[in-house]
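Chemist: Let's see this in three dimensions:
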Amino acid sequence: MTRVRDAFSRWSRMGQDGEKNMDTETMQNDSAQVDVEAGSEQEHPSNQDAAQVEIEQLRGENSQLKDRLARAQAEFDNARKREAKERQAARDYAVQGAVEPFLSVMDNFQLALKADGSAEQLRNGVELILKQMEDALRGLNVQAVESVGSQFDPRIHEALGSIETKEHPDHEVLEEIRRGYKLRDKLLRPALVRIAVNPAQVSE
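Modeler: Numbering: from 1, shown residues only. This next block holds a predicted model:
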């Protein structure tokens, strides 16, 4: 732009000084320079427009990416909540299946406490309730660990004491203090027992 102003100023001075024979080549060069400068001034706004369009496009893409990220985060949170809800429902269903068989057992215990009768009748009632409870446990694949009369097995028995005897084989379980239970092949708790000690036999 400065060169354009200089060219016009030079032409103006030449006219005022009466220079009639201006160098043709000089005028052509100045005119060409003016055209170049004018062209540069015209191209600059178009470059700004293109840059502005590109900026707007990038802003739009950025906004779309943020929207996708927000949607993905929301879907992830919903899936996590749904999975936690399903897991809790599965636990509740398992607890329900385990508790239901024992509700009638509790009912019978309450009836036994309210009943009037002899000690023998009360004992018979408790035995019936115990059998009902054992049946409920079997329905859940829970069974008592075999103890009295079997050989001591440290995998399922826990010895709390011994009884010296010559009538039973060494390490035979003679007394069950607390019953043990297993779920299928998994031990839930060992049976607490007392075992025989036979001095006439060699312990293994």
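Chemist: For the chain, give me the ranges with low pLDDT.
Modeler: Scanning the chain for pLDDT under 70 picks out 1-45, 202-204.
Chemist: list the contacts for the residue most central in space within the chain?
Modeler: In the chain, the centroid-proximal residue (Cα atoms, centre = their mean) is residue 80; its distance is 7.0 Å. If you count contacts by Cβ atoms under 8 Å, 6 or more residues apart in numbering, residue 80 has none. Just so you know, the C-beta spots here come from the backbone N, C-alpha and C atoms, and that holds for glycine as well.
Chemist: Please identify the helix or strand for residue 154.
Modeler: Assigned by DSSP states H and E, residue 154 belongs to no helix or strand.
Chemist: how many other residues sit next to it?
Modeler: 8 (other Cβ atoms under 10 Å).
Chemist: how far is whatever helix or strand residue 88 lives in from where the chain is centred?
Modeler: According to DSSP H and E, residue 88 maps onto helix 24-114. Relative to the chain's own centre, helix 24-114 is displaced by 21 Å; criterion: Cα atoms, centre = their mean, to the nearest Å.
Chemist: domain parsing for this structure?
Modeler: 2-81, 142-204 (automatic domain parsing).
Chemist: got the contact list for stretch 187-204?
Modeler: 142, 145, 147-148, 152, 155-166, 168-182.
Chemist: Just the buried residues from the residues you listed, in PyMOL please.
Modeler: Selection of the buried residues among those in PyMOL, burial being defined by 16 or more other Cβ atoms under 10 Å:
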select buried, resi 142+145+147+152+156+157+159+168+170+171+172+173+174+176+180+181+182
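Chemist: Mind checking which of the contacts of stretch 187-204 land in strands?
Modeler: Judged by DSSP state E, strands contain the following of the contacts of stretch 187-204: 142, 157-164, 173-178, 181-182.
Chemist: how much space between the nearest residue to residue 177 once chain neighbours are set aside and residue 83?
Modeler: Distances taken as Cβ to Cβ, 6 or more residues apart in numbering put residue 192 closest to residue 177, at 4.3 Å, once the chain neighbours are dropped. With distances taken as Cβ to Cβ, to the nearest Å, residue 192 is found 42 Å from residue 83.
Chemist: Who has more neighbours out of these two?
Modeler: The neighbour comparison of residue 192 against residue 83 (other Cβ under 10 Å) goes to residue 192, with 17 against 10.
Chemist: Paired strands for the helix or strand where the more buried one lies, with orientation please.
Modeler: Per DSSP H and E: residue 192 is located in strand 191-197. Strand pairing for strand 191-197, using DSSP bridges, gives strand 157-164 (parallel), strand 173-178 (antiparallel).
Chemist: how about those in CSV, adding distance to residue 69?
Modeler: Shown next, in CSV, are the strands paired with strand 191-197 (distance: least, Cβ to Cβ, whole Å):
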stretch, distance to residue 69
strand 157-164, 58
strand 173-178, 59
